[in-house]
Each structure stands twice: as C-alpha cells, then as structure tokens.
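A.B. asks: Sequence and predicted structure, then a few things I'm wondering about:
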Amino acid sequence: MIVTAAITYEHIKTCKQSGARLGRIHTPHGIIETPVFMPVGTQATVKTMSPEELKEMDARIILSNTYHLFLRPGHELVREAGGLHKFMNWDRAILTDSGGFQVFSLSEMRKITEEGVHFRSHLNGDKLFLSPEVVMEIENALGPDIMMAFDECAPYPADYDYVKKSMERTTRWAERCLKSHARPHDQALFGIVQGGMYEDLRKQSAKDLTSLDFPGYAIGGLSVGEPKHLMYEMLECTVPLLPSDKPRYLMGVGSPDALIEGAIRGVDMFDCVLPTRIARNGTTMTSQGRLVVRNAQYANDFGPLDPECDCYTCRNYSRAYLRHLIKADETFGLRLTTYHNLHFLVTLMSKVRQAIMDDRLLDFRDEFFEQYGLIGN
Ligand SMILES: Nc1cc(CSc2ncc[nH]2)c2nc(N)[nH]c(=O)c2c1
C-alpha cells in the first residue's frame with residue numbers, strides 16, 4: 001500500500017442489523033480496530049496508568065491535550081524530548097485535541113476574535129493566545145499521529161445567530177489550519193464539525209469541511225450538557241454527510257450507552273475523561289451498571305468488583321479492599337478502579353466490534369442495556 005497520507009481508513013464491513021461499521025485505521029504507530037474507545041491522557045499520562053498497563057488492556061490510541069501541554073511543560077520542551085511518543089514512552093498512536101474546548105472549559109478572561117483566542121492561563125494567570133497557526137505549531141511539536149483543527153465548541157444552549165457565526169469562523173479556522181499544516185504525511189489533521197443543535201448549521205458545517213478534504217472528521221459541539229436524544233439527532237443529520245472512507249470521531253463521548261448508540265449511528269472513534277475521572281472518587285462501571293465501591297454497603301463484600309470481568313483488579317482484589325483503599329485515599333485504590341474502568345470500556349468496544357461482525361449490534365444493545373440497568377435508550 002503506497003502511503004501518501006499519515007493515516008488510512010479501511011472499511012471491513014457494515015452491520016446488516018444496525019448500519020454500524022467495522023473498520024481499521026492504519027497509522028504510523030500501529031493499527032486501530034474501530035469502533036474504538038480512546039483513553040484520555042491530558043498531561044501526557046493516562047492518570048495513574050503505565051504504558052505497559054494500557055497495552056495489557058489493548059489500548060491502541062490515547063489522547064493528549066494541546067492546551068495543557070502548551071501551558072506545562074511547553075511544546076518546545078516536548079519537541080526537544082523528541083515528541084510526545086518519546087517523552088511519555090508510548091509507541092502506539094496518539095491524538096491531540098486542539099485546545100479550543102479546554103480554553104473555554106478551563107481558563108478565565110478569554111476573548112474570541114477572528115484571529116484567535118486571548119485567555120489567561122488557569123495555572124498562573126499569564127496572558128496567552130491561541131490561533132489556528134499557533135495551535136498547528138504546537139501540535140507539530142508534540143508530534144501526534146492525529147491532530148485536531150482549532151475550533152470553537154459553542155456552549156449549550158446557544159442561540160442560532162451565535163452558533164452560525166461561531167460555526168462559520170470554525171470553518172475559516174480549519175482552512176487556516178490546513179494552510180499551516182507542516183507535516184501532512186506524518187500527521188493527519190481532522191476537521192471538526194460544529195453547528196450546535198441546529199440541523200441546517202450542522203449540515204452546512206459538514207458540507208464546508210468535507211469540501212476541504214481532511215483525512216478524517218470529528219463531530220464536535222456535542223456532549224456539552226444537551227439531552228442525549230438531541231445528541232443522537234445531531235449525529236443522525238451529520239454522519240451521513242461525512243465521507244464513508246474516512247474515520248468519524250465523536251468528541252467527549254462517553255458513557256457505555258452513548259458509545260453503543262454512537263456506533264449504531266456510524267461513529268468510529270470515541271473519547272471521554274469519564275472512566276478515569278469517576279474512578280478517582282471510587283465510582284466504577286460494571287456489567288451490572290454503575291457501582292460506587294466507596295459506599296458503606298461494600299465494607300464487608302469480599303467478592304470481585306465485577307464478577308463478569310477478568311481484568312487485573314477483578315481477578316485479584318475484593319470490593320472491601322477497594323473501598324478501604326479509596327476511603328484511606330491510597331493511590332493504589334485509584335489505580336485499581338482506573339484500570340478496571342478503562343478495561344471495561346475498551347472491552348465493551350471489542351464486544352461492539354464482535355456484534356457488528358455478527359450483524360447483531362441492536363440485539364447486543366438491548367442485552368447490554370437490560371443488564372446494565374438502562375432499560376430503553
Ligand atoms: N464534547 C466535546 C469535547 C471536546 C474535548 S475532546 C478531548 N480533548 C481531550 C480529551 N478529550 C471537544 N474538543 C474540541 N476541540 N471541540 C469540541 O467541540 C469538543 C466537544
């Protein structure tokens with residue numbers, strides 16, 4: 001295969017029952033089976049996990065954050081280290097988000113102009129500026145296999161005129177990213193579809209970005225507090241307009257039900273901080289649903305966290321021990337709950353891929369929801 005672009009998407013099959021698709025993304029750092037869940041490593045580490053543990057659970061690609069690494073330790077230091085793969089000793093694939101979302105969710109005093117975004121560092125209050133050109137320079141220095149274009153994720157709710165102007169600017173920013181893309185053969189730049197909860201703006205954004213011919217497309221501006229049915233409606237009007245021979249990435253999603261529903265609607269890639277974040281306060285995802293292992297009811301429960309799970313945590317430790325560690329604020333407790341939650345979602349996606357192979361993803365969804373305590377959608 002003559003590789004002209006940094007990544008190529010290989011469609012394997014479409015589920016006859018659901019329309020979901022099975023695929024592979026070929027990257028310079030290995031092959032990613034899709035649909036895939038991507039663990040989030042915001043500051044060049046998936047919190048409390050080692051690269052070896054992530055490989056043990058067969059994680060193929062992780063996320064990192066332009067915003068955080070720009071602020072600390074600085075992208076020039078990472079460039080000097082030989083790039084993010086070398087710096088964090090991760091030789092599989094990496095995707096970096098472009099920072100727009102984090103500026104809005106983390107920093108104070110920010111001002112959007114056509115040029116870019118002025119904001120203050122959430123760490124020390126320094127006045128900083130991100131633009132398409134600056135973001136591309138940072139992502140070029142970090143060296144991920146997939147990099148996201150600089151976009152504005154409109155807040156929810158937001159009125160039509162605001163979302164229209166924001167979406168149109170995001171498209172102009174995407175063009176500026178393409179123009180300043182230094183290494184298209186090593187790094188794939190994904191455009192990010194915006195448009196809030198407005199079907200016509202979503203369609204306009206998808207059309208404008210696909211005419212710019214990116215190697216992959218993200219669906220942004222969702223999972224921002226809207227009801228789930230609205231997220232699914234926006235997916236249904238956006239995904240069909242994206243090219244079928246390129247990956248589709250739904251940003252910031254998510255919970256087990258949303259991963260399955262997103263796959264059914266044609267999404268290939270997902271990411272979410274949920275599994276690592278809730279693990280740190282002792283909330284776990286199990287085959288029977290959410291289990292808050294720090295609760296008193298588990299004090300004398302010497303069974304495994306999830307009787308149906310074969311991960312390192314569930315094979316070796318009890319709910320009582322996990323509860324004790326979390327209550328005692330022992331770091332090992334966070335590691336064990338994080339390992340399980342990531343293993344749960346990465347394994348859920350391999351079950352989703354098997355269900356697509358067997359043309360039965362809708363049946364799998366019903367079985368999963370019933371057992372996970374989510375009757376209905
Ligand atoms: N919900 C949501 C989540 C994220 C963060 S995805 C992420 N970055 C780092 C980890 N995970 C988004 N990022 C961008 N750039 N645009 C979006 O519209 C958007 C929407």
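C.D. replies: All right, it came through fine.
A.B. asks: Which of the three states applies to residue 308?
C.D. replies: Under DSSP: H, G, I helix; E, B strand; the rest coil, the three-state class of residue 308 is coil.
A.B. asks: you'd agree it is up against residue 289?
C.D. replies: No: the criterion here is C-beta atoms under 8 Å, and residue 308 misses it with residue 289 at 11.9 Å. From N, CA and C alone the C-beta is placed, and that goes for glycine too.
A.B. asks: Which of these two has more residues huddled nearby?
C.D. replies: Neighbours were counted for residue 308 and for residue 289 using other C-beta atoms under 10 Å; residue 289 has more, 13 against 10.
A.B. asks: Can you check the pLDDT for the more buried one?
C.D. replies: Looking at residue 289, its pLDDT is 94.
A.B. asks: Which phi and psi values does it adopt?
C.D. replies: Dihedral pair for residue 289: phi 120, psi -170, per degrees, to the nearest 10.
A.B. asks: Kindly report the same for residue 284.
C.D. replies: phi -130, psi 160.
A.B. asks: How much space separates it from residue 304?
C.D. replies: For residue 284, the distance to residue 304 (C-beta to C-beta, to the nearest Å) stands at 11 Å.
A.B. asks: ditto for residue 175
C.D. replies: 52 Å.
A.B. asks: The two: which is more packed in?
C.D. replies: residue 304 (20 against 14).
A.B. asks: If I follow the layout properly, residue 133 ends up in contact with residue 176?
C.D. replies: Yes: when contacts are counted by C-beta under 8 Å, residue 133 is listed as touching residue 176 (6.5 Å).
A.B. asks: Mind giving me the packing neighbours of whichever strand or helix holds residue 364?
C.D. replies: Here residue 364, judged by DSSP states H and E, is contained in helix 361-372. Helix 361-372 is packed against helix 256-264, helix 331-357, with contacts defined by 3 or more C-beta pairs under 8 Å, 6 or more residues apart in numbering; DSSP states H and E.
A.B. asks: Now do the buried residues in it.
C.D. replies: 361-362, 364-365, 368-369, 372 (16 or more other C-beta atoms under 10 Å).
A.B. asks: wait, which of those is closest to residue 147?
C.D. replies: residue 361 (30.2 Å; C-beta to C-beta).
A.B. asks: separation between that closest one and residue 259?
C.D. replies: 12 Å.
A.B. asks: Mind checking the pLDDT average for stretch 117-134?
C.D. replies: pLDDT averaged over stretch 117-134 gives 95.
A.B. asks: now that stretch, how far from the centre of its chain.
C.D. replies: Taking the mean of its C-alpha atoms, stretch 117-134 sits 23 Å from the chain's own mean (C-alpha atoms, centre = their mean, to the nearest Å).
A.B. asks: Could you list the buried residues of that stretch?
C.D. replies: Counting neighbours by 16+ other C-beta under 10 Å, stretch 117-134 gives 117-119, 121-122, 128, 130-134 as buried.
A.B. asks: for stretch 279-292, same thing?
C.D. replies: 279, 282-287, 291.
A.B. asks: for the stretch 151-300 of the chain, what spans make up the strands?
C.D. replies: When assigned using DSSP state E, counting those that start in this stretch, the strands of the stretch 151-300 of the chain occupy the ranges 188-193, 216-219, 248-250, 269-271, 283-286, 289-292.
A.B. asks: Can you add pLDDT and distance to the ligand and give the buried residues of helix 361-372 back as TSV?
C.D. replies: Formatted as TSV, these follow (pLDDT from 0 to 100; distance: C-beta to the nearest ligand atom, whole Å):
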residue	pLDDT	distance to the ligand
361	98	24
362	98	26
364	98	25
365	97	22
368	96	23
369	93	23
372	92	22
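A.B. asks: With distance to residue 160 as extra columns, can I get those residues in a markdown table?
C.D. replies: Shown next, in a markdown table, are the buried residues of helix 361-372 (distance: C-beta to C-beta, whole Å):
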| residue | distance to residue 160 |
| --- | --- |
| 361 | 35 |
| 362 | 34 |
| 364 | 38 |
| 365 | 33 |
| 368 | 36 |
| 369 | 34 |
| 372 | 36 |
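A.B. asks: coming back round to it: residue 171 is nearest to which of the strands of the stretch 151-300 of the chain?
C.D. replies: Comparing the strands of the stretch 151-300 of the chain by C-beta to C-beta, strand 188-193 comes nearest, at 8.3 Å.
A.B. asks: for the stretch 1-150 of the chain, what are the low-confidence residue spans?
C.D. replies: 1-4 (pLDDT under 70).
A.B. asks: Please enumerate the helices of it.
C.D. replies: Counting by DSSP state H, counting those that start in this stretch, the stretch 1-150 of the chain has helices at residues 51-56, 66-71, 75-80, 84-87, 100-106, 132-142.
A.B. asks: Summarise which helices and strands the third one is packed against.
C.D. replies: With contacts taken as 3+ C-beta pairs under 8 Å, 6+ apart, helix 75-80 sits against helix 66-71, helix 132-142.
A.B. asks: Out of those helices, which gets nearest to residue 232?
C.D. replies: Minimum separation from residue 232 across the helices and strands packed on helix 75-80 (C-beta to C-beta) falls at helix 66-71, 28.2 Å.
A.B. asks: So residue 175 sits against residue 213, correct?
C.D. replies: No: taking contacts as C-beta under 8 Å, residue 175 lies outside contact range of residue 213: 11.3 Å.
A.B. asks: Including distance to the ligand, could the buried residues of stretch 117-134 go into CSV?
C.D. replies: Shown next, in CSV, are these (distance: C-beta to the nearest ligand atom, whole Å):
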residue, distance to the ligand
117, 12
118, 18
119, 15
121, 17
122, 15
128, 17
130, 11
131, 14
132, 12
133, 16
134, 15
